[in-house]
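Asks: Predicted model, plus sequence, below.
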Amino acid sequence: MIKIYYADISNLSLENHLDDISEYRKEKLNKIKPALSLKQSLGAELLLNEAVRNDFPDVSFPLNIKTGEFGKPYCEEIPFFFCLSHSGDFAACAISENEIGLDIQKLSAYKENLVTRNFTPSERDYIENSDNRDKAFTKLWTGKESYIKALGTGLRTALNSFSVWPERVILSGEDKFCIHSGIIENFFYSVCVKGESLPEVQIIKTAL
């Protein structure tokens, strides 16, 4: 099963949670200035904490979060993979037994130059022939972001080197990755997981 935790982070206060967050998160927060960005980053890790407490209550906090070769965070103390994302007043955390990527986005305006540079011909056709190009663009953008997050390579994998449309299964060498997309409240999301098929997706709203 994939679980996606999400929350409104607009009223978060950093001072109330300093004892709950990892050194990794504190270092990131020290480099962030805008108030909304601080809340987004903090909220994402608090959602990870919520997921860990629910499924693995014996794990101690704060978590010892490390990063892989290309900066993807992981934690050896928890027996699952996770991915964090945020947009606007929302943050989200996806967890799975397999490598996972998550991306959430508020509705974004269609930008022809961006689509031309980063999308494949089949993806461009889908967007340009859609009744609502903004929605089609945002949907596919979250799908592409979720895949490179699942890989753990970030933008070192060119966005135009793979397609999330029309297929929602992507081959990476001998590995398969499955993508599921949807809308939660006022944001789009895509979750990508390594495996032959997509597990059940459970969406959980929580208060931080």
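Replies: All right, it came through fine.
Asks: now the farthest one out in the chain, which residue is it?
Replies: residue 129 (27.0 Å; Cα atoms, centre = their mean).
Asks: how close does that residue sit to residue 25?
Replies: For residue 129, the distance to residue 25 equals 42 Å [Cβ to Cβ, to the nearest Å]. Where you see a C-beta, it was placed from the backbone N, CA and C, and this is true even at glycine.
Asks: Residue 101: neighbouring residues, count only.
Replies: 28 (other Cβ atoms under 10 Å).
Asks: Report the rounded mean pLDDT for the longest helix anywhere in the chain.
Replies: Scanning the chain for the helix with the most residues, using DSSP state H, yields helix 35-55. Mean per-residue pLDDT for helix 35-55: 95.
Asks: what sits up against that helix?
Replies: 3, 5-7, 9-10, 12, 14, 17, 20-22, 25, 28-29, 32, 59, 61, 63, 65, 78, 80, 82, 84-89, 91-93, 95, 206, 208 (Cβ atoms under 8 Å, 6 or more residues apart in numbering).
Asks: Now with 7 Å, please.
Replies: Helix 35-55 is contacted from outside by 3, 5, 7, 9-10, 12, 14, 17, 20-22, 25, 28-29, 32, 59, 61, 78, 82, 84, 86, 91-93, 95, 206, 208, using Cβ atoms under 7 Å, 6 or more residues apart in numbering.
Asks: Show the subsequent helix or strand relative to that helix.
Replies: Using DSSP states H and E, the helix or strand that follows helix 35-55 in sequence is strand 66-67.
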